[in-house]
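**Q** let me see the structure of the following:
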Amino acid sequence: MLWQPPLPEKYQELDEPSLREQIAKRRRELGDDLLILGHHYQQDDVIRHADLRGDSLKLSRMAAEQSRERGTKFIVFCGVHFMAETAEILAPEGVQVSLPDLSAGCSMADMAGYEDTVDAWESIHEMLGPKWNGRVIPITYVNSSAAIKAFVGEHGGACCTSSNAQQIFRWALDGGTQPAAAGEEIKLLFLPDQHLGRNTASKFGFVTEVDVARDPALAAEDAETALWDPKKDRGGLDAEAVRRAKVLLWAGHCSVHKLFRPEHVAAARARFASAGGVTVIVHPECSQEVVDLADLDGSTESIIRRIEQAPPGSNWSVGTEIHLVNRLAREAKTRGVNVAILSDCQCLCTTMYRIEPGNLLWTLDNLAEGRVVNRITVHPRARELARLALDRMLANVAGAAGPVSTARGS
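**A** The predicted structure is shown next:
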């Protein structure tokens, strides 16, 4: 995590109406030179100022397109560090990207470090041995650093999102950049979110460690997924477990979605039992135990669509970040739809929460005065390789708008 120096006192002393007024004033001054992005998990007092809202990859792609159309010079990403990196990777040449608070990182992305990934890659191949006839294809969730995206791009893999993970799994299992040869075994290394990886593997019918733990008819050797813990020697696995696994899952997780538990699903069903029942929908970053009990699981965008299309009188219990759920609940209430968060624990993205209106105003004040603060940059070689991983994803996802590598320099 990067360190954000304290803001000047004046930004800490301004009340909310004053902050809102001054941010609006700076936005007018900067005009089309400025594009503000707001992630769905951002707090209301910040996201109200966003020109574009969405999930991380959608925002970056929209921003690249809008920047070209508007002649934008500055992108201010109200999100977290890896999101700003992705925006910088996709932005046209000359566009500068800022993150209003440098300490707005992502604990999940931080769980997969570049050096640990290199060590894991070497250890996995050593454990498989020189006589093994196969390939390991890495996949990284977009919630990862530019360095990890670059590693994956360099080693024949691709990025994925929570909405297209199944399509990218299929692409990789079929051989990825080259069709699997006769007798060739394909294994996947999925970074950094074990839960999205495990839930996707389960949808393909792979027996997971969770299945083994809860089914007495299964033995440990039946598991086709294995957890690679970078904090342990050789990932905490022996060579046989690595050879047996179809999918190696990195020991990372989302600190928000791990808070939802199976008992929360049971409690929601009991709470609405006498009120017509409830539809439980959760993000696939939740544990397999929760996803298996839910009625639906899907990406942030798919959760939003489901709630927007929900019929009046229906009840929904949603397992994702609280700022988004509260925003959905307020809008749904006007249509007679009842939406509540799956758990009443504080399921908020604390790093996203670090960006406040004062940080946004400070960033805009500096831009208006000719200074770019908290600029996020990616090394050219890392950008090239990371963009390759993104391009492979988009080239193999049905309905995708095409590769993104043309964005820089266009």
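**Q** where's Ala226 relative to Arg243, distance?
**A** Computed as C-beta to C-beta, to the nearest Å, the Ala226 to Arg243 distance reads 10 Å. Yep, even glycine has a C-beta here, placed from its N, CA and C like the rest.
**Q** which one of those two is surrounded by more residues?
**A** Ala226 (21 against 16; other C-beta atoms under 10 Å).
**Q** start to end distance for stretch 152-164?
**A** Stretch 152-164 stretches 17 Å from its first residue to its last (C-alpha to C-alpha, to the nearest Å).
**Q** and it, average pLDDT?
**A** Stretch 152-164 carries an average pLDDT of 96.
**Q** ok, stretch 183-194 next?
**A** On average, the pLDDT along stretch 183-194 is 97.
**Q** would you mark the buried spots in that stretch?
**A** Buried residues in stretch 183-194, counted by 16 or more other C-beta atoms under 10 Å: 186-194.
**Q** need the residues you listed in CSV with secondary structure and distance to Asp116, can you?
**A** Formatted as CSV, the buried residues of stretch 183-194 follow (DSSP: H, G, I helix; E, B strand; the rest coil; distance: C-beta to C-beta, whole Å):
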residue, secondary structure, distance to Asp116
Ile186, strand, 23
Lys187, strand, 18
Leu188, strand, 18
Leu189, strand, 12
Phe190, strand, 15
Leu191, strand, 10
Pro192, coil, 10
Asp193, coil, 15
Gln194, helix, 14
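**Q** of those residues, closest to Pro5?
**A** Lowest distance from Pro5 to the buried residues of stretch 183-194 (C-beta to C-beta) belongs to Pro192, with 28.0 Å.
**Q** confidence score at His39?
**A** Looking at His39, the pLDDT reads 85.
**Q** which strand residues bridge it?
**A** Beta bridges link His39 to Gly54, judged by DSSP bridges.
**Q** what about the spatially most central residue of the chain, which SS state?
**A** For the chain, Asn143 is the residue whose C-alpha lies nearest the centre (C-alpha atoms, centre = their mean; 3.6 Å). Using DSSP: H, G, I helix; E, B strand; the rest coil, the structure places Asn143 in coil.
**Q** list the contacts for it?
**A** Contact analysis of Asn143 by C-beta atoms under 8 Å, 6 or more residues apart in numbering lists 56, 82, 106, 108-109, 192-193, 254.
**Q** next: Gly38.
**A** Counting by C-beta under 8 Å, 6+ apart, Gly38 makes contact with 46-47, 49-50, 52-53, 59, 78-79.
**Q** repeat the analysis, applying 7 Å as the threshold.
**A** Taking C-beta atoms under 7 Å, 6 or more residues apart in numbering as the criterion, Gly38 is in contact with 46-47, 50, 53, 78.
**Q** same check on Val97?
**A** 75, 77, 84, 87-88, 91, 375-376.
**Q** looking at this, Val318 is in a helix?
**A** No - counting by three-state DSSP, Val318 is not part of a helix but strand.
**Q** so it makes contact with Ile341?
**A** Yes - counting by C-beta atoms under 7 Å, Ile341 is a contact partner of Val318 at 6.0 Å.
**Q** shared neighbours of the two, anything?
**A** Between them, Val318 and Ile341 share these contacting residues under C-beta under 7 Å, 6+ apart: Val325.
**Q** returning to that earlier point: which of the contacts of Gly38 fall in helices?
**A** 46-47 (DSSP state H).
**Q** if you rank the contacts of Gly38 by neighbours, which is first?
**A** Cys78 (30 neighbours).
**Q** any idea of the mean pLDDT for stretch 247-259?
**A** On average, stretch 247-259 scores 95.
**Q** so how far is that stretch off the chain centroid?
**A** 11 Å (C-alpha atoms, centre = their mean, to the nearest Å).
**Q** least confident secondary structure element in the chain?
**A** Lowest by mean pLDDT, DSSP states H and E among the helices and strands of the chain is helix 56-70, with a mean of 84.
**Q** chain center to that one: distance?
**A** 17 Å.
**Q** what does that helix rub up against?
**A** 32, 35, 37, 39, 52, 54, 72, 75, 79, 83, 86-87, 90-92, 95, 142-143, 161, 301, 404, 407, 410.
**Q** now those residues: which count as buried?
**A** 35, 37, 39, 52, 54, 72, 75, 79, 83, 86-87, 90-92, 95, 142-143, 161, 404, 407.
**Q** which residues in this protein form strands?
**A** 34-39, 52-54, 74-78, 96-98, 134-141, 158-160, 185-191, 225-228, 247-250, 279-282, 296-297, 315-319, 338-341 (DSSP state E).
**Q** residues in contact with the fifth one?
**A** It stands for strand 134-141. With C-beta under 7 Å, 6+ apart, strand 134-141 has contacts from 124-125, 148-149, 152, 155-160, 168, 172, 176, 184-193, 196, 389.
**Q** how about the third one?
**A** Strand 74-78 is contacted from outside by 33-39, 42, 46-47, 50, 63, 67, 83-84, 87, 91, 95-100, 355, 360, 363, 367, 372, using C-beta under 7 Å, 6+ apart.
**Q** list the buried residues of stretch 194-209.
**A** Those would be 194-202, 206-209, for stretch 194-209 by 16+ other C-beta under 10 Å.
**Q** right, and Pro100 touches Asn359 too?
**A** Yes - Pro100 lies in contact with Asn359 (C-beta under 7 Å); the separation is 3.8 Å.
**Q** compare these two (neighbour count), which wins?
**A** Pro100 (27 against 24).
**Q** for the more buried one, what are its contacts?
**A** 76, 78, 355, 359-360, 363, 374.
**Q** swap in 6 Å and give it another go.
**A** For Pro100, the contact set (C-beta atoms under 6 Å, 6 or more residues apart in numbering) comprises 355, 359-360, 363.
**Q** circling back to that earlier point, neighbour count: Val318 and Ile341, which is higher?
**A** Val318 (29 against 22).
**Q** which residue, other than its chain neighbours, is closest to the more buried one?
**A** Distance criterion C-beta to C-beta, 6 or more residues apart in numbering; nearest residue to Val318, sequence neighbours excluded, is Val325 at 4.9 Å.
**Q** pull the number of nearby residues for the one you found.
**A** 23.
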